[in-house]
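A.B. asks: Output the structure for:
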Amino acid sequence: MNTDTAEAAATDTTEVSSPADGGGARRLLRRLGGPAVRTRLCTLAGVIILGVLFWRLGTGAFLDGLRRIDGPTLAAALGIGLVTTAFSAWRWALVARGIGIRLPLVPAVADYYRALFLNAALPGGILGDVHRAVRHGKDAGDLGRGVRAVVLERTAGQLALFAAGGAVLLTMPSPVRDQVRHAAPPAALGLLGACAVVLALRMNGAPSGRKPTAVRAMLAEARQGLLSRAAGPGVLLSSVVVLAGYVAMFVLAADVAGVGASVAELLPLALLALLAMSLPLNVGGWGPREGVAAWAFGAAGLGAGRGLTVAVVYGVLSLVASLPGAVVPVARWYAGSRDRARSSAPAAPEAPRPRPRTSELPAGPPASDGPGPVVRIPRQLPEVRSEKYASKESARAARSSLPFSAVPSEGRPMTPESV
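C.D. replies: Residues are numbered from 1 along each chain as shown. Below is the predicted model:
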């Protein structure tokens with residue numbers, strides 16, 4: 001028994017260390033690192049964050065935020081959402097045109113609204129962007145460029161958020177100003193060092209073959225889509241307007257929640273919450289935003305519960321601002337069904353047009369030949385066709401066609417000369 005057990009253990013060890021099992025382990029790791037697994041893990045992380053917040057702070061802050069929302073607040077949220085969505089769609093259209101894809105503004109606004117609604121309604125917070133990237137790529141006939149256009153557009157928005165957040169958190173009072181000031185010099189030195197390395201490689205004339213073709217194409221598209229003269233100013237302006245709209249939504253949520261703080265005090269807290277929203281550990285945007293808002297408001301002396309209420313109100317207002325995106329698929333489905341019904345309906349036969357009678361035709365111009373008298377051509381009267389007259393004429397023609405026929409005329413008798 002012991003020998004058999006040892007042999008079985010040796011066999012198991014050999015099988016575990018075999019290359020086939022190593023390949024299986026690698027496949028398992030790939031599956032664990034796949035997009036679907038990452039989405040589920042991020043959703044689970046967002047649920048855990050919300051559960052911890054409700055466990056520590058209770059559900060009173062959540063319910064209090066819902067009770068404070070009224071009709072004028074929802075109307076203001078819809079207005080702010082219209083502005084931010086329109087400018088975001090304009091930024092997307094500019095980036096798409098910069099890399100060589102046509103994207104009209106009106107369809108871009110509709111697709112962006114639908115993407116925002118899907119981001120807010122589905123786990124992960126990015127499935128709407130994935131949908132609009134794939135759809136636009138298929139419509140344009142280039143799936144790769146469609147996806148890269150959305151990636152560059154989202155990158156432009158994140159860069160604007162990071163730049164504004166860094167500048168505000170460095171200069172204005174906030175719970176993390178000291179930490180940011182301590183971390184800013186090493187980060188700036190690292191960025192300068194990376195730029196110096198890239199510049200040195202370009203000045204030394206490194207062989208272009210060392211750089212992959214895909215990387216060169218990606219960098220060229222990034223320059224054309226974000227930094228070109230045609231797209232750069234519009235991308236910058238739209239990013240600033242969109243970020244200002246997000247901050248205005250947060251200030252509106254703080255006002256609804258009853259936070260007695262000025263805009264200057266709320267600005268760093270709003271940027272901290274927006275930076276937390278960029279983390280993929282959320283459920284439709286919920287999770288890190290509420291946690292960071294509760295911590296930041298508590299550190300600023302405004303109360304952690306009040307920060308959670310503000311974050312909840314902001315989340316509800318953002319969801320309401322994206323609700324027009326739910327109408328877009330329904331409207332397009334209805335328009336498509338109507339077009340299919342029209343194309344499948346049999347065409348009605350055209351009624352034959354009546355031929356005009358000869359008397360109804362307009363008379364032609366008078367015929368003239370030089371200075372002589374004008375000869376007018378009379379109009380042709382309509383041909384009268386009747387069964388009675390047609391039978392007599394046919395009979396008369398038949399009789400006259402005989403070689404020896406003689407028809408009495410004007411009452412005169414038939415003579416040998418008439419034969």
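A.B. asks: just for the stretch 1-150 of the chain, where's the confidence low?
C.D. replies: By pLDDT under 70, the weakly predicted segments of the stretch 1-150 of the chain are 1-46, 49-50, 124.
A.B. asks: let's see it at 80
C.D. replies: Filtered on pLDDT under 80, the stretch 1-150 of the chain yields the residue ranges 1-62, 64-65, 122-125.
A.B. asks: Quick one: the helices in it, in order.
C.D. replies: Taking DSSP state H, counting those that start in this stretch, the helices of the stretch 1-150 of the chain run over residues 2-16, 19-32, 35-57, 60-68, 71-98, 105-121, 127-140, 143-171.
A.B. asks: Which of these sits closest to Met218?
C.D. replies: Taking Cβ to Cβ, helix 143-171 is the member of these nearest to Met218, at 7.3 Å. The C-beta positions use only the backbone N, C-alpha and C, and glycine is treated the same way.
A.B. asks: In the helix or strand following that closest one, which residues are buried?
C.D. replies: Per DSSP states H and E, helix 143-171 leads on to helix 177-203 as the next helix or strand towards the C-terminus. Across helix 177-203, burial judged by 16 or more other Cβ atoms under 10 Å covers Val180.
A.B. asks: Helix 177-203: what's the following helix or strand?
C.D. replies: Following helix 177-203 in sequence, per DSSP H and E, is helix 213-222.
A.B. asks: what does the average pLDDT come to for stretch 321-332?
C.D. replies: Within the predicted structure, the mean pLDDT of stretch 321-332 is 88.
A.B. asks: how close does Gly100 sit to Gly258?
C.D. replies: Per Cβ to Cβ, to the nearest Å, Gly100 is found 50 Å from Gly258.
A.B. asks: do Tyr334 as well
C.D. replies: 42 Å.
A.B. asks: Could you do Val197 as well?
C.D. replies: Val197 is 51 Å from Gly258, by Cβ to Cβ.
A.B. asks: Then Ala86?
C.D. replies: According to Cβ to Cβ, Ala86 stands 31 Å off from Gly258.
A.B. asks: So between those two, which is more surrounded?
C.D. replies: Neighbour tally, Ala86 and Gly258, criterion other Cβ atoms under 10 Å: the higher count belongs to Ala86, 19 against 11.
A.B. asks: For the more buried one, give me its contacts.
C.D. replies: Contacts for Ala86 (Cβ atoms under 8 Å, 6 or more residues apart in numbering) come out as Val109.
A.B. asks: wait, what's in contact with Val251?
C.D. replies: Neighbour list for Val251: Val263, Leu266, Ala270 [criterion: Cβ under 8 Å, 6+ apart].
A.B. asks: Let me fix that, I meant to ask about Leu243.
C.D. replies: Residues in contact with Leu243, defined by Cβ under 8 Å, 6+ apart, are Gly157, Ala160, Leu161, Ala164, Leu274.
A.B. asks: ok, 6 Å please
C.D. replies: Counting by Cβ atoms under 6 Å, 6 or more residues apart in numbering, Leu243 makes contact with Ala160, Ala164.
A.B. asks: residues of the helix or strand containing it that come out buried?
C.D. replies: Using DSSP H and E, Leu243 sits in helix 232-256. With burial defined by 16+ other Cβ under 10 Å, the residues of helix 232-256 counted as buried are 232, 234-236, 238-239, 241-243, 245-256.
A.B. asks: Grab the nearest non-local neighbour of Ser322.
C.D. replies: Leu116 (4.0 Å; Cβ to Cβ, 6 or more residues apart in numbering).
A.B. asks: Report how many residues lie close to that neighbour.
C.D. replies: Leu116 has 24 neighbouring residues, counting by other Cβ under 10 Å.
A.B. asks: same deal with Val52?
C.D. replies: Neighbours of Val52 using other Cβ under 10 Å come to 12.
A.B. asks: how close does the nearest residue to it once chain neighbours are set aside get to Phe297?
C.D. replies: The shortest distance from Val52 to any non-neighbouring residue, by Cβ to Cβ, 6+ apart, is to Gly291 (7.7 Å). Using Cβ to Cβ, Gly291 is found at 11 Å from Phe297.
A.B. asks: out of the two, which sits in the more crowded spot?
C.D. replies: Phe297 (28 against 22).
A.B. asks: Am I right that the more buried one is in a helix?
C.D. replies: Yes - under DSSP: H, G, I helix; E, B strand; the rest coil, Phe297 sits within a helix.
A.B. asks: close enough to count as contact, it and Leu308?
C.D. replies: No - judged on Cβ atoms under 6 Å, Phe297 makes no contact with Leu308 at a distance of 7.9 Å.
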